[in-house]
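Here is a sequence with its predicted model. Questions after.
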Amino acid sequence: MNAETTARIAASLLGVGAASLQVTRIKHGLTNESWQVRASGDTLVVRWSNTAEESLQIDRASEAAILQVAAAAGIGPPVLLCDPHRHLLVTRYLGEPWTFDEAEHTGNIVRLAGILGRLHALALPAGVRRIELAATIEDYLGTLAAHGAGAPGTLAHRDRARQIAESLQAVSTPCLCHNDVHHLNIVDAGELRLIDWEYAGIGDPMFDLASVCVYQRYCERRRHQLLSAYPGGSEAAAYQRLEMACWLFEYVRELWLAVRELTGDTTAPGDGRPSSIGRP
């Protein structure tokens, strides 16, 4: 979508003339094209999603339901308009995301554990997809095979991924998860909020914790800091489950990247722009 269409959408929501708005593209990636729209005293983010959703396992109707719950809980951004059929989402702008280094601070790791604990404690909303890690792996492998593309890793890696997925599922209590937690999806406006919920769903909380550990390259000490501040993270077996989840997250990430390459987009994660690094 172009800036003119984006301005018209924002103007209708704000009740102002489109000519008075400043519209700036802030992201143009594989799954989204996002714009920042500035008005007097207010700033919005308008996101248009594209058609690469099915192969990357994005469910916009589920995302819409989750966004409402996350916003009401003060965990996600306030939503002004969410229309999955038009591939359109408008939220209030909360501020700049964290830097990579900010996600390394001990105090911020504790805060991050707190918001993830709050998220995982929410009542499960209706109309939200359930994320089965074993099925996610098979879906990505199936997509690659259908396109005649090779899967990353060896047969032994695939077998291990399946075993870990089944092992984690056997002991986890399903909860609402973000599944894409990294510094570019964390905004600090006095209190933390998470943005970019397109891979959220009902899933394994340890896999959610693994996302930030992998993206932020947390060492053993920082992983222990995260777990010690997370409700129930002090259990003796928690660290072992987290390590397994981190291995699995990295493998699923490689599968996702391989699927993404099928679309012709090869932008690497962590390239400095706000982008969703998708996972199931």
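That came through fine.

The residue nearest in space to the middle of the chain and residue 211, how far apart?
Closest to where the C-alpha atoms of the chain average out (CA atoms, centre = their mean) is residue 180, at 2.9 Å. Counting by CB to CB, to the nearest Å, the gap between residue 180 and residue 211 amounts to 6 Å. From N, CA and C alone the C-beta is placed, and that goes for glycine too.

One more: residue 81?
Distance from residue 81 to residue 211, counting by CB to CB: 27 Å.

between those two, which one's more packed in?
Higher neighbour count among residue 81 and residue 211: residue 211, with 25 against 15, using other CB atoms under 10 Å.

Touching, that one and residue 179? I think so.
Yes. Between residue 211 and residue 179 a contact is recorded at 6.0 Å, counting by CB atoms under 8 Å.

is it true that the residue nearest to the centre of the chain lies in a strand?
No. Counting by DSSP: H, G, I helix; E, B strand; the rest coil, residue 180 falls outside a strand, being coil.

Quick check on it: phi, psi?
With angles defined as degrees, to the nearest 10, residue 180 sits at phi -150, psi 50.

out of everything not next to it in sequence, what's closest to it?
Counting by CB to CB, 6 or more residues apart in numbering, the nearest residue to residue 180 once its immediate chain neighbours are dropped is residue 199, at 4.7 Å.

burial measure for the one you found, as a count.
Residue 199: 25 surrounding residues under other CB under 10 Å.

all helices of the stretch 51-200 of the chain, in order?
Using DSSP state H, counting those that start in this stretch, the helices found in the stretch 51-200 of the chain span residues 60-72, 106-120, 133-146, 155-171.

okay, those helices in JSON lines with mean pLDDT next?
JSON lines is the format used below for those (pLDDT from 0 to 100):
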{"stretch": "helix 60-72", "mean pLDDT": "92"}
{"stretch": "helix 106-120", "mean pLDDT": "97"}
{"stretch": "helix 133-146", "mean pLDDT": "93"}
{"stretch": "helix 155-171", "mean pLDDT": "95"}
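
Tell me which of these lies nearest to residue 228.
Closest to residue 228 of the helices of the stretch 51-200 of the chain is helix 106-120 (CB to CB; 8.0 Å).

chain center to that closest one, what's the gap?
Distance of helix 106-120 from its chain centroid, counting by CA atoms, centre = their mean, to the nearest Å, is 15 Å.

quick one on the thing from earlier: any chance of the helices of the stretch 51-200 of the chain in a markdown table, plus mean neighbour count and distance to residue 95?
Shown next, in a markdown table, are the helices of the stretch 51-200 of the chain (neighbours: other CB atoms under 10 Å; distance: least, CB to CB, whole Å):
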| stretch | mean neighbour count | distance to residue 95 |
| --- | --- | --- |
| helix 60-72 | 19 | 16 |
| helix 106-120 | 18 | 15 |
| helix 133-146 | 17 | 32 |
| helix 155-171 | 15 | 34 |
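
Make TSV out of those and add distance to residue 239.
Conversion of these to TSV gives the following (distance: least, CB to CB, whole Å):
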stretch	distance to residue 239
helix 60-72	28
helix 106-120	14
helix 133-146	19
helix 155-171	14
